[in-house]
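In: just coords:
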């Protein structure tokens, strides 16, 4: 069952902290929100010390008054369970609730997210506060839904308290049943690591050379994910029982958490916190970086969990804590641009973070819509313009879905395994960036697709799938991909594919393991490209003269391929180093489709050449002429009505050509021919006949 947000119109909201402000400000704040067409506020997620000032004594008076005031102004409320910030009385009395560093040092009170998921006492206290809040607010007319905790696994995604070690031991018992099975899965015969008693089993602890058993390290991430889900389940089940008329979500997309499983098991839909400038802090040295536009890849990952979702925090100002993350002020137009970036990719409910910038605490530089002075500013005016537009077009866009015919496959096991394994982990981000960047600049809409959640019907909806570096590749997944190719799909693998099983153990069979037959090749040799070893040149076998002037390199890691099946065609070969002339890229037709294997990390020039040979074109090609700086995407309704979004990420106007008459939703005008999209501008087009 798809877990998706179902509302009838686009809605705009804002995060609000009534406990931070004088009560005299509330009425004016809520009045101004409604004037801006803000309909929703989020409250409460950090207020445990106010809800329960001492153990067992509950006080909801402040939030009762705030919610009553919000309701008078017609605002809907998302209530947060406050378990991300345990109060001082709790951590002082029950230090076993605290998280710990790997060496056992406890993280003390004074920050947030300093608890662990597995403390029985903390779970008990979280259940109590959740039930008290649910009972108190189950019938409040303003509340529409609940946010569980806040940003699971943000700040830290590793946990080493005594409670975590004990819980991991029990998790391992359930997973493996016997120590013999655990020892086999973890390969403990190496270096005399064999466990002879369950009490010897721990999460990774400090080791010589800081290099834990890799199979244990992979299971650590799986355990952490399961721990989060079980912790969240306690709250979700209480809310389902006590407040069944409210929906449940949480905000996130952080490490060591299977957000698909979390959503499928517990939530009504997934939510996300969108801060595009996180993509601009470390842009690297690449030419024409995507910068804030790269955030669309993150939004694509969210869309794979919930096709329509909530943005619980949308960047509204410059960002930074007192000790980290300095982000510039959004330029005029960028706040609106980023809002529609979220909408294009599936957000139907968008809440800005936050209404007013905090004057105290760690986040005094994480700016909201209003500045400290609380007077009108350009960010408030820009948000108000979005509010007016949502009121005009919201009912047409809400519920429509992003449409893409290209997918980049991803999976949690490889991401988690690749954190430790530098023989494949670093390749993935490099290759995904190259693919997503070139697809963006060619205006080809793209999905991020979780392999774990995929089924044959879903995969067959894509003309092209790219699985860059699937080191861990199960036989079940290989069979799913084989069926996709047989059904007519084009599938592209990258280096280091298929050499590990589900435990992260290397297979004793020719690479690329379970897809070697599908691809018609094996890996004869391989080498890491690092230090004095230089990336070899690539040469297309078809000798396309149009590409002769652009040098292409096989980056980061090279698989030297050997053709095993006569039907496998060599599309490119290495042109330098000791394996010059050996196959680097192959294609094998299988059934109605094609399986491609590329023996390196993907670079931009190689991706461009591949896209040409794969004959993948933009759906805009037949009716739009767009420069690279404009993102193109489509949301389509169940009735087939399509809306094309044009987002200009450039600081300069973009010249575009529309070759068929279109209604432009935001302006209400009909447009055709040459026109200009302003700097950071947005258009939403509906072609006549669509």
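Out: Looks like it arrived, so ask away. What you see is a predicted model, and the numbers here were worked out from it, not measured in a lab. Numbering: from 1, shown residues only.
In: Next, the contact list for the residue nearest to residue 138 when sequence neighbours are not counted, please.
Out: By the measure of C-beta to C-beta, 6 or more residues apart in numbering, the closest residue to residue 138 outside its immediate chain neighbours is residue 243, 4.1 Å from it. C-beta coordinates here come from the backbone N, C-alpha and C atoms, glycine included. Contacts for residue 243 (C-beta atoms under 8 Å, 6 or more residues apart in numbering) come out as 134, 137, 138, 143, 146.
In: What is the burial count for the nearest residue to residue 182 once chain neighbours are set aside?
Out: Distance criterion C-beta to C-beta, 6+ apart; nearest residue to residue 182, sequence neighbours excluded, is residue 176 at 4.2 Å. When neighbours are defined as other C-beta atoms under 10 Å, residue 176 has 17 of them.
In: Just confirm residue 176 contacts residue 188, I think it does.
Out: No - the criterion here is C-beta atoms under 8 Å, and residue 176 misses it with residue 188 at 11.7 Å.
In: Now for residue 535: which residues touch it?
Out: 529, 553, 554, 555, 556, 558, 600.
In: Pick the one among these closest to residue 511.
Out: residue 558 (12.6 Å; C-beta to C-beta).
In: Kindly state the beta-bridge partners for the closest one.
Out: For residue 558, the beta-bridge partners under DSSP bridges are residue 527.
In: if we can go back for a sec, for residue 101, see how far away the residue nearest to residue 138 is.
Out: In this view, residue 243 and residue 101 are 37 Å apart by C-beta to C-beta, to the nearest Å.
In: Kindly report the same for residue 559.
Out: Distance from residue 559 to residue 101, by C-beta to C-beta: 39 Å.
In: repeat for residue 268
Out: For residue 268, the distance to residue 101 - C-beta to C-beta - is 36 Å.
In: Settle it for me: which of these two has more neighbours?
Out: Between residue 268 and residue 101, counting by other C-beta under 10 Å, residue 268 is the more crowded of the two (17 against 14).
In: State the helix or strand in which that one lies.
Out: Using DSSP states H and E, residue 268 falls within no helix or strand.
In: for it, what are its contacts?
Out: Contact partners of residue 268, counting by C-beta under 8 Å, 6+ apart, are 3, 5, 145, 247, 248, 249.
In: quick one: buried residues of the helix with the most length in the chain?
Out: The helix that spans the most residues within the chain, counting by DSSP state H, is helix 214-242. By neighbour count on 16 or more other C-beta atoms under 10 Å, the buried set for helix 214-242 is 214-232, 234-236, 238-239, 242.
In: List the neighbouring strands of the helix or strand just after it plus their orientation.
Out: Scanning forward in sequence from helix 214-242 by DSSP H and E, the next helix or strand is strand 247-249. Using DSSP bridges, the strands paired with strand 247-249 are strand 143-147 (parallel).
In: what inclination does the strand it pairs with have with respect to helix 214-242?
Out: 160 degrees (axes from the mean of the first three to the mean of the last three C-alpha atoms, to 10 degrees).
In: From the rest of the structure, what touches strand 143-147?
Out: 40, 42, 45, 67, 76-81, 137, 239, 243, 246-251, 268, 271, 312.
In: Remind me what the next helix-or-strand element following it packs against, helices and strands.
Out: Where DSSP H and E defines the elements, the next helix or strand beyond strand 143-147 is helix 162-176. Counting contacts by 3 or more C-beta pairs under 8 Å, 6 or more residues apart in numbering; DSSP states H and E, the secondary-structure elements packed against helix 162-176 are helix 179-186, helix 214-242.
In: Can you check what angle separates helix 162-176 from helix 179-186?
Out: Angle of helix 162-176 versus helix 179-186, following the same axes, to 10 degrees, is 100 degrees.
In: Could you check helix 162-176 and say which residues are buried?
Out: Those would be 163, 164, 165, 167, 168, 169, 171, 172, 176, for helix 162-176 by 16+ other C-beta under 10 Å.
In: Tell me the one among the residues you listed nearest to residue 335.
Out: residue 164 (40.1 Å).
In: ok, the closest one - contacts?
Out: 99, 100, 116, 117, 118, 203, 227.
In: before we move on, back to that, how far away is the residue nearest to residue 182 from residue 431?
Out: As for residue 176, its distance to residue 431 is 33 Å (criterion: C-beta to C-beta).
In: same check, this time on residue 594
Out: Taking C-beta to C-beta, one finds residue 594 at 19 Å from residue 431.
In: Between those two, which is the more surrounded one?
Out: Neighbour totals were compared for residue 594 and residue 431, and residue 431 leads with 26 against 18 (other C-beta under 10 Å).
In: moving C-terminal of the helix or strand that one falls within, what's the next helix or strand?
Out: Residue 431 belongs to helix 425-441 when elements are defined using DSSP H and E. Using DSSP H and E, the helix or strand that follows helix 425-441 in sequence is strand 446-450.
In: who's in contact with whichever helix or strand comes after that next one?
Out: Scanning forward in sequence from strand 446-450 by DSSP H and E, the next helix or strand is helix 456-459. Defining contact as C-beta under 8 Å, 6+ apart, one finds that helix 456-459 is touched by 407, 449, 465, 480, 481, 483, 484, 487, 489.
In: of the residues you listed, buried ones?
Out: Buried among the contacts of helix 456-459 (16+ other C-beta under 10 Å): 407, 449, 465, 481, 484, 489.
In: about what we covered before: minimum distance to residue 580: which of the helices and strands packed on helix 162-176 has it?
Out: Across those, closest to residue 580 is helix 214-242 (C-beta to C-beta), at 33.6 Å.
In: quick check: domain ranges of the protein?
Out: 406-614, 624-687 (automatic domain parsing).
In: For stretch 607-622, what does the pLDDT average out to?
Out: Mean pLDDT, stretch 607-622: 96.
In: quick one: terminal-to-terminal distance for that stretch?
Out: Distance across stretch 607-622, first residue to last, is 22 Å (C-alpha to C-alpha, to the nearest Å).
In: do stretch 325-344 as well
Out: Taking C-alpha to C-alpha, stretch 325-344 runs 27 Å from one end to the other.
In: Just the buried positions in that stretch, please.
Out: By neighbour count on 16+ other C-beta under 10 Å, the buried set for stretch 325-344 is 327, 330, 333-344.
In: Show me how far it is from its chain's centre.
Out: 18 Å (C-alpha atoms, centre = their mean, to the nearest Å).
In: from the contacts of residue 243, which single one is nearest residue 156?
Out: Using C-beta to C-beta, these come closest to residue 156 at residue 146, 23.9 Å.
In: Give me the neighbour count for the closest one.
Out: Neighbour number of residue 146 under other C-beta under 10 Å is 28.
In: Over to residue 591?
Out: As a measure of burial, residue 591 has 14 neighbours, counting by other C-beta under 10 Å.
In: Go ahead and confirm it touches residue 489.
Out: No - Residue 591 lies out of contact with residue 489 (C-beta under 8 Å); the separation is 9.2 Å.
In: about what we covered before: what is in contact with residue 176 and residue 188 at once?
Out: Common neighbours of residue 176 and residue 188 (C-beta under 8 Å, 6+ apart) are residue 182.
In: related to what we said a few turns ago, just give me the least confident of the buried residues of stretch 325-344.
Out: Per-residue pLDDT puts residue 327 lowest of the buried residues of stretch 325-344, at 91.
In: returning to that earlier point: could the contacts of helix 456-459 be laid out in a markdown table, adding pLDDT and secondary structure?
Out: As requested, those are arranged in a markdown table below (pLDDT from 0 to 100; DSSP: H, G, I helix; E, B strand; the rest coil):
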| residue | pLDDT | secondary structure |
| --- | --- | --- |
| 407 | 98 | strand |
| 449 | 98 | strand |
| 465 | 98 | strand |
| 480 | 97 | helix |
| 481 | 98 | helix |
| 483 | 97 | helix |
| 484 | 98 | helix |
| 487 | 97 | coil |
| 489 | 98 | coil |
